[in-house]
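Novice: task: produce atomic coordinates for the following.
(one chain, ligands or ions: 1)
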Amino acid sequence: MIPNTPGGIDTGFRAALQRLQAAGRLRWYEGAADPEFEIAGIMKKIDGGPALLFPEVKGHAMPVLGNFLASRENCEAAFATDYRGIRAMIGRAFGHPLPPEIVAEAPVHENVHTTFDLGVQLPILRHGDGDAGRFITAGIVVAQDPETGVYNASYHRLQLIGPQRTAIKLDFGRHLRQAFERAQRMGKPLPIAVCIGTDLAVYYTAATMGALMPEGADEFAIAGRLAGRPIAMVKARSQDLLYPAETEIVIEGVLRPAETVREGPFGEFVGYLSPEGEAPVFEASALCHRHRPLYHAINGVGRETVMLRKYVLEASLLSALQAAVPIVRDVEMTAGGLHRFHAVLSVRKDSEAHEGFQRNAILAAFATLKDLDLVIAVDDDIDIRDPLDVEYALAMRMEGSRDLFVVPGARAHEYVRVSDNGRRAKVGIDATVPFAERDRFRRAPFREVTTSLDRFGTKAKSALPWLD
Ligand code: MN
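Specialist: Next up, the predicted model:
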């Protein structure tokens, strides 16, 4: 496997972690940490900072990794480029598959167990007080559609219910759900592999949904283009299925066609506990892992859950908007909107003929990503990554009676509780300055200087002895 991404980096899990370590973005916890509430609590408390490694986990042999790709700085260190570079890599990969290659030997098969106890061998966390139990949260589920043969990779949480059994949450409309329902109609179990700790490119393509990754698209082929080399896939040991060879931990098994169990509650990305409900059963047939594996855990309510989709969604939004509305320069899906529900568009009007396109861009954004509920357009003198500057644009350039528009009853995300079963108004805000009036809104200029706070001390020298 020769690493040759556009940035010349190896996107493998361990290579990415080594880069985090070298960049000072990986912090090691001193002493033993408890997988019951404590580790998740620490991850929550210092969320959005460096990645956290818990080398010593009470009752377990495997270390736990938390908050891995939970901040922009971590993602930039992991990909060895800035966020624009990450988005460009993703933008180049979509629609340009590079099929995986099948290999005979795999690091993940250094240890293969056919008798095992998931709850003992894996440091599966209990995250929050409202959760129903212990959940595997960073598992990328690999499956092959039983009718089309197309491979799918997607995140699904798994609730531990026995030594070799979990419940699995399968939301409607997801490709894995569709494959599972086809297998159900055939009366057959659906083979799956739950992959924990794998290639960064797979982390990102597994986070895609909807039109971004149509059902006929193979996430591993898009991941191959993103990685800049074919993803190496190996045959499962106990099922007829392929999965990434360079994975820390893989649980092989099947989804039972005609069995459900109670699943949840669990704290989800929208910040609430999901309601308890019926869910399909995953029956594990083998546990495979590398030597000295690392177990990755993600808090459902946490920065990493939403950061895993941020750059993928922004890349798709930016490319769709720039194709449709030429005045769009940049987009930011903001942290407060969970990188999913709110977007700020940076536009540049170069002539009177561009006036109005900012509103077309807002409408195009809603059409591109159905979960967007609030889209703000600002001029390109506003820093869309600075929430204060965006609010300044609202304060100084938006006239609510004219620049705010509402489209009621549109399709949104069904987890948004204020929505009517996933139908919700879309709010557009045009906080741009009319092209004809741009001179009146020009921000007061200052001279460019290079001085920083480092040029200042804390003591008066001689001019003001009374202040010494
Ligand atoms: Mn898919």
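Novice: let me see the domain layout of this protein.
Specialist: 6-304, 325-435 (automatic domain parsing).
Novice: so which of the ones you listed is the most packed in?
Specialist: Among those, domain 6-304 has the highest mean neighbour count (mean count of other CB atoms under 10 Å), at a mean of 20. Yep, even glycine has a C-beta here, placed from its N, CA and C like the rest.
Novice: what does the chain have sitting close to the ion?
Specialist: Applying CB under 5 Å from the ion, we find that the chain lies next to the ion at Asn152, His175.
Novice: tell me where the chain has helices.
Specialist: 13-22, 38-45, 72-79, 83-93, 118-121, 175-186, 200-205, 219-227, 303-324, 357-368, 387-397, 400-403 (DSSP state H).
Novice: could you tell me the angle between the first one and helix 72-79?
Specialist: With axes from the mean of the first three to the mean of the last three CA atoms, to 10 degrees defining the directions, helix 13-22 sits at 130 degrees from helix 72-79.
Novice: show me what helix 13-22 is packed against.
Specialist: When contacts are defined as 3 or more CB pairs under 8 Å, 6 or more residues apart in numbering; DSSP states H and E, helix 13-22 sits against helix 72-79.
Novice: mind doing that once more with 10 Å?
Specialist: Using 3 or more CB pairs under 10 Å, 6 or more residues apart in numbering; DSSP states H and E, the elements in contact with helix 13-22 are strand 26-28, strand 51-54, strand 64-66, helix 72-79, helix 200-205.
Novice: check the chain for the residue nearest the ion and tell me.
Specialist: Per CB to the ion, His175 is where the chain lies closest to the ion, at 3.7 Å.
Novice: can I get the helices and strands packed on helix 13-22 in TSV with mean pLDDT?
Specialist: Converted to TSV, these look like this (pLDDT from 0 to 100):
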stretch	mean pLDDT
strand 26-28	98
strand 51-54	98
strand 64-66	98
helix 72-79	98
helix 200-205	97
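Novice: looking at the ones you listed, which is nearest to Lys235?
Specialist: For Lys235, the closest of the helices and strands packed on helix 13-22 is helix 200-205, at 17.2 Å, according to CB to CB.
Novice: okay, the helices and strands packed on helix 13-22 in JSON lines with distance to Ala395 next?
Specialist: Below are the helices and strands packed on helix 13-22 laid out as JSON lines (distance: least, CB to CB, whole Å):
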{"stretch": "strand 26-28", "distance to Ala395": "38"}
{"stretch": "strand 51-54", "distance to Ala395": "37"}
{"stretch": "strand 64-66", "distance to Ala395": "38"}
{"stretch": "helix 72-79", "distance to Ala395": "26"}
{"stretch": "helix 200-205", "distance to Ala395": "36"}
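Novice: residue ranges in the stretch 101-250 of the chain under the pLDDT threshold?
Specialist: Scanning the stretch 101-250 of the chain for pLDDT under 70 picks out the ranges 210-211.
Novice: does Ile230 touch Ala245 like I think?
Specialist: For the record, residue 230 is Pro, not Ile. No. If you go by CB atoms under 10 Å, Pro230 and Ala245 don't touch, sitting 11.1 Å apart.
Novice: list residues touching both of those two?
Specialist: Common contacts of Pro230 and Ala245 (CB atoms under 10 Å, 6 or more residues apart in numbering): Met1, Pro100, Glu101, Ile102, Val103.
Novice: roughly how far does the second one sit from Ile231?
Specialist: In other words, Pro100. According to CB to CB, to the nearest Å, Pro100 and Ile231 sit 4 Å apart.
Novice: intersection of neighbour lists for these two?
Specialist: Asp218, Phe220, Ala221, Ala223, Gly224, Leu242, Tyr243, Pro244, Ala245.
Novice: residues in contact with the fourth one?
Specialist: To tie it back to what came earlier, the one meant is Ala223. Contacts for Ala223 were tallied using CB under 10 Å, 6+ apart; they are 11, 93, 97-98, 100, 153, 198-206, 230-231, 244.
Novice: again, 6 Å this time
Specialist: Listed by CB atoms under 6 Å, 6 or more residues apart in numbering, the contact partners of Ala223 are Ala201, Val202, Thr205, Ile231.
Novice: and for the first one?
Specialist: By CB under 6 Å, 6+ apart, Asp218 lies in contact with Val150, Tyr151.
Novice: thinking again about what came up before, farthest pair in the shared contacts of Pro230 and Ala245?
Specialist: Greatest spacing in these, by CB to CB: Met1 and Ile102 (12.7 Å).
Novice: ok, and the closest non-adjacent residue to Ala217?
Specialist: Nearest residue to Ala217 in three dimensions, chain neighbours excluded: Pro97, at 7.1 Å (CB to CB, 6 or more residues apart in numbering).
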